[in-house]
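Undergrad: need the 3D shape of this:
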Amino acid sequence: MSLSPGTLRAPGPDDPAGETLFSHEARRNGTVVATLRGSWRPDGGVIVEANVIPIGHTPDDAIARPFAFATAEQASRFVDEALLALEYLDCDITE
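TA: Predicted structure coming up:
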């Protein structure tokens, strides 16, 4: 599953900043362990919000962290690598 920069639209006059570009969920044994969501920043960059729920914890214990990228290509590479790592950890990835 690739999020190549060609799949991300540049924000236009009809596209408000903050529009969700992508959203992925990683599940292990049917339980959500991570989500990745991307949205445009006002300056044209992309922010990827990562939420990780440690195994054995509730969603209330999720660790949320934003990652800011200057370009959609940089964000895409980060997300592709993160999804690949989650797949190696035996997670099912959904959009």
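
Undergrad: now name the helix or strand holding the most centrally placed residue in the chain.
TA: Centroid check for the chain by Cα atoms, centre = their mean gives Leu36 as the closest residue, at 2.5 Å. For Leu36, the element it lies in under DSSP states H and E is strand 31-40.

Undergrad: kindly export that strand (C-alpha atoms) in PDB.
TA: This file holds the C-alpha atoms of strand 31-40, laid out as PDB (Å, rounded to 0.1, in the frame of the first residue of the first chain):
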ATOM      1  CA  THR A  31      -7.400  -4.800  18.100                       C
ATOM      2  CA  VAL A  32      -6.500  -1.300  16.900                       C
ATOM      3  CA  VAL A  33      -2.800  -0.700  17.800                       C
ATOM      4  CA  ALA A  34      -2.100   2.400  15.700                       C
ATOM      5  CA  THR A  35      -3.700   5.000  13.400                       C
ATOM      6  CA  LEU A  36      -2.000   7.400  11.000                       C
ATOM      7  CA  ARG A  37      -3.800  10.400   9.600                       C
ATOM      8  CA  GLY A  38      -2.400  13.000   7.200                       C
ATOM      9  CA  SER A  39      -3.700  16.500   6.600                       C
ATOM     10  CA  TRP A  40      -2.400  19.700   4.800                       C
END
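
Undergrad: helices or strands up against that strand?
TA: Applying 3 or more Cβ pairs under 8 Å, 6 or more residues apart in numbering; DSSP states H and E, one finds that strand 31-40 contacts strand 20-28, strand 46-52, helix 72-88. Bear in mind the C-beta positions are built from the backbone N, C-alpha and C, glycine included.

Undergrad: turn these into JSON lines, columns for distance to Ile63 and mean pLDDT.
TA: Formatted as JSON lines, the helices and strands packed on strand 31-40 follow (distance: least, Cβ to Cβ, whole Å; pLDDT from 0 to 100):
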{"stretch": "strand 20-28", "distance to Ile63": "14", "mean pLDDT": "93"}
{"stretch": "strand 46-52", "distance to Ile63": "5", "mean pLDDT": "96"}
{"stretch": "helix 72-88", "distance to Ile63": "14", "mean pLDDT": "95"}
